[in-house]
Structure formats: structure tokens, C-alpha cells
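In: what follows is a protein structure lacking sequence information:
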DNA sequence: GTGACTGATGTCGGTCACTGACATCGACCA
DNA sequence: TGGTCGATGTCAGTGACCGACATCAGTCAC
């Protein structure tokens, strides 16, 4: 693997094939899905796209991270939803807006991809841990945005966590076999359920 | 370390000093707190109590797990709270009961210990991931208990996740500098806040 | 009492995730 | 032409973890 010089489709001579991180991500998902996460070594992923293990770790901080990229944009979508709502909106209205904004990241065409990705994650605890951590970070970010709008604690964290919880449940349903509603519709309905559940008569 | 034979306080000759897992846990927390999690090797923990690395990994599946033991009892407490409530109670009442039951695991004397433990976790992402995963498992268990009582999805998962969220926020506050209320009182109040936040006027 | 058996531990060797230091070599720029 | 840069390769190392096997005090059947 001395030199990876390559001729592109346009006939241009390039030192390195472009899109290295994307190629690694595709290869990793494929291998994880085929053999399982633990049974796949970082070196194998790298080799499968003509690179070395060392290069893999230059692009991704660890073996799990290769499945969790683009979270920043996703979080940004949530935040955009927050900003798109009038300043006097209630926390719950903000949550609804954030949810609606986030769902644009998951158009129906993406369902098959999301399904295989999620099935890989569901089969490995280490990957679940990483996913949980990402969602928790998202909640933290959201809570901060809420606080910046004047929502006090613990309401801000409560609302933010609820948003993430609703999203998680909705996403799981969106992925489910036979489900055909859009993620936005499902999220709306789950949020409604949350309001129902937390309503009820006052507790002792 | 050929033979670890030891004379106990009662003068009995024993092959192995008893309470190995507990000794390892204490030593681990101490070292993690002193030097940090990453800067402490499993071998060091083991050696600090006169054992080998291999033995450490026989008692704990990994380096993080040594800080997360006893979760089963904790989860059981939640479940006991669930069972202690009449069958016609609303999901929210069940959640309140579970929360109240769980707080018995954290009497005020335990605050200092919980604080140092949490500060270790807060300083390391890998430990945060594990904690999140344990809490998520708890939520899953709780949701199952709710379903067993006839609560349907997604209400069951929503209620269970909310319980865990409330617990997490309350615990964080309980640990906070200067806080003196009991965990039960704080949890009650946070649950009340959740009801307030999710109430509000209907959303579009 | 003796020998088989058990259970907690030690020893050894190996795999793999991840890292730092340094070398390579086209591309690009002065 | 020469120098710098950026993405990569090479190499050697550390530490988490695991399987296989050895050890040896205690126990129990006989």
C-alpha cells in the first residue's frame, strides 16, 4: 500500500481517492452488519477500502464512532426548531417545534438505511452505550438552548429530556416493520401521548 | 503472589481474604478518584489489594463495571414500588411510587460517597456511557413492569423513561453542593415540575 | 485418614483497540 | 527548482481483556 494514486472517473490523476471518511463509514456498516461489530476489526474495515488501520483511527476516534457521524447536523436541526418558535412559547411548544425540525433528517427514503444501522446497534451493547451518550449530549444541548430562552431548571432539562425521549420512541416506531407514517406524524402522536400520561389526577 | 493465605482478625487461617469484589470496588473508586479513570490500570487496582489483573477481570467484566454494581438491587427497589400500588393506579401514580421506593437506596449518610463516585463518573465519558446504559436498562425493565400491569405502548415506555429522567435530575440535585433535602423530597418536587411542564395549552 | 473434587486464584500467551513518532510522496506554491 | 503541506503508511508500544492450564487449601465420601 505504498501509493494509493488513483484515476478518477473524470480521468484525473489524484493522489488519494476522495471521500475517505464516507467510504470507511459505508464499509464499516456493511461489515458490522455482516459479521457483527465485535467480530470486525478496525484493520479489516480499513483494508476493505484500501487503507490502513492507522488511517481509520485518524478519521474516527474509535471503532464505534464510525457509526455516529453527522450528529452535529442533527443536533443543529433540533436547535433550529427551537429558534423558529416565538420567544413566549411554552417549553412544550418549543419541544414540539424542535421535534418537527429534527424529523426532516429522516425522510422516508432513509428508512431502509436507518433500519440496518439500528439493527447493528441493537445487537451490540457497546454501540448502544455510544448512542445513549449521543442522545444525552443532545438533551444537554437542548436544555442549554431552553435556558437561554429563559426557561429555568429543572424545567429546561425536563423538557429537553422529554424531547429526546419522545424522539427515541418515535424513531423506534418509524423503523418498525410495516410502519408507514412519517417520522413527523409519529413524533406528534407520541408527544400527545406524553401529555396524556403526565396529565391525570394530582398524586399524593 | 504464589499464595495469598492470610490470618484473619479471628486468628483463622484462610486461603483467601474474603470480600474480594468489595475490596476491589473500594480500591478502584479510590484510585479513579485520585489519578483519574484512564490513568489507572486494572493491574494497579488488583495489585493494590494483593491480587492480579486476571482476578480483577474474573470479578468484573470490565474496568468500568467495578463502579456499577448493585444496580440489580436498585432496580428491584423501583419494581417493588411499582408492585406496592393498587392495580387501577395511573401510570403516573406508579411512577411516583417507584420513585419513592427507589429513594430508600440513598439515605442522607450516603451523600458523601455518592458525591465522590459521581464526580469520578462526571470526569470520564466512558463511565458516563456506562451509567446511561444502566439507566436505560432500568427504564426498559420499568416499562416491562408497566406493560405487565396493562399499560399499553407507547405510554409504558414514556412513563418509564420519565421516571428515570426525574430520578436522574433529582439525584443530581441531591448531590449538589449545599443541598440538604432528602432525595425523596427532591424527586417529588421534580415530578411535580414535569407535570407542570407537560401541561400547558394544547399544541398545534 | 486418604484421595478425589472444588473453587478462587496465579501464570502465560495471545488478540485487538488505540497512540505517538517518524517517513513518504504527490500537489501546490513561491 | 525547491520547499511546504496534507493525507497516508510504517513501526513500536501500552493496556484491556480472554482462553487454557497450573496450583493448592478446604471439603467430603469412603
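Out: In hand now; what should we look at? Since we're looking at a predicted model, the values are computed, not measured. Numbers count the residues shown, from 1 in each chain, chains lettered A, B, ... in the order given.

In: alpha carbons only for contacts and neighbour counts from here, please
Out: OK.

In: is the host helix or strand of residue A:187 up against chain B anywhere?
Out: Following DSSP states H and E, one finds residue A:187 within helix A:183-198. Yes - judged by C-alpha under 8 Å from any C-alpha of the partner chain, helix A:183-198 and chain B are in contact via A:190, A:193, A:194, A:195, A:197, A:198.

In: my read: residue A:52 touches residue A:58, true?
Out: No - using C-alpha atoms under 8 Å, residue A:52 is not in contact with residue A:58, being 10.1 Å away.

In: more neighbours, the two?
Out: residue A:52 (16 against 10; other C-alpha atoms under 10 Å in any protein chain shown).

In: stretch A:70-81 near chain B at all?
Out: No - contact of stretch A:70-81 with chain B is not found when judged by C-alpha under 8 Å from any C-alpha; the minimum separation is 14.4 Å.

In: so which bits of that stretch are buried?
Out: In terms of neighbour count (16 or more other C-alpha atoms under 10 Å in any protein chain shown), stretch A:70-81 has its buried residues at A:74, A:75, A:76, A:77, A:78, A:79, A:81.

In: and what of stretch A:153-163?
Out: A:154, A:155, A:156, A:157, A:158, A:159, A:160, A:161, A:162, A:163.

In: check those one by one and keep those near DNA strand D.
Out: Residues of these in contact with DNA strand D (C-alpha under 7 Å from any atom of the strand): none.

In: nearest to residue B:147 among these?
Out: Residue B:147 has its nearest neighbour among the buried residues of stretch A:153-163 in residue A:162, at 20.0 Å by C-alpha to C-alpha.

In: once you drop chain neighbours, what's closest to that closest one?
Out: Of all residues not flanking residue A:162 in the chain, residue B:162 sits nearest, at 7.3 Å (C-alpha to C-alpha, 6 or more residues apart in numbering or on different chains).

In: the one you found sits in which helix or strand?
Out: helix B:155-175.

In: what about the strands in chain A?
Out: Per DSSP state E, chain A has strands spanning A:6-7, A:13-14. These are given in chain order.

In: once you drop chain neighbours, what's closest to residue A:91?
Out: Spatial nearest neighbour of residue A:91, chain neighbours left out: residue A:159 (6.4 Å); criterion: C-alpha to C-alpha, 6+ apart.

In: please apply the same query to residue A:126.
Out: Here the residue nearest residue A:126, using C-alpha to C-alpha, 6+ apart, is residue A:64, at 7.8 Å.

In: confirm for me that the one you found is in contact with residue A:127.
Out: Yes - with contact defined as C-alpha under 8 Å, residue A:64 reaches residue A:127; the gap is 6.3 Å.

In: show me what contacts the residue nearest to residue A:126?
Out: Applying C-alpha atoms under 8 Å, 6 or more residues apart in numbering or on different chains, we find residue A:64 in contact with A:126, A:127, A:130.

In: likewise for residue A:28?
Out: A:45, A:66, A:67.

In: quick one on the thing from earlier: just checking, the residue nearest to residue A:162 touches residue A:160?
Out: No - look at residue B:162 against residue A:160 with C-alpha under 8 Å: they stay out of range, at 11.5 Å.

In: thinking again about what came up before, least reliable of the strands of chain A going by mean pLDDT?
Out: Mean pLDDT is lowest for strand A:6-7 out of those, coming in at a mean of 50.
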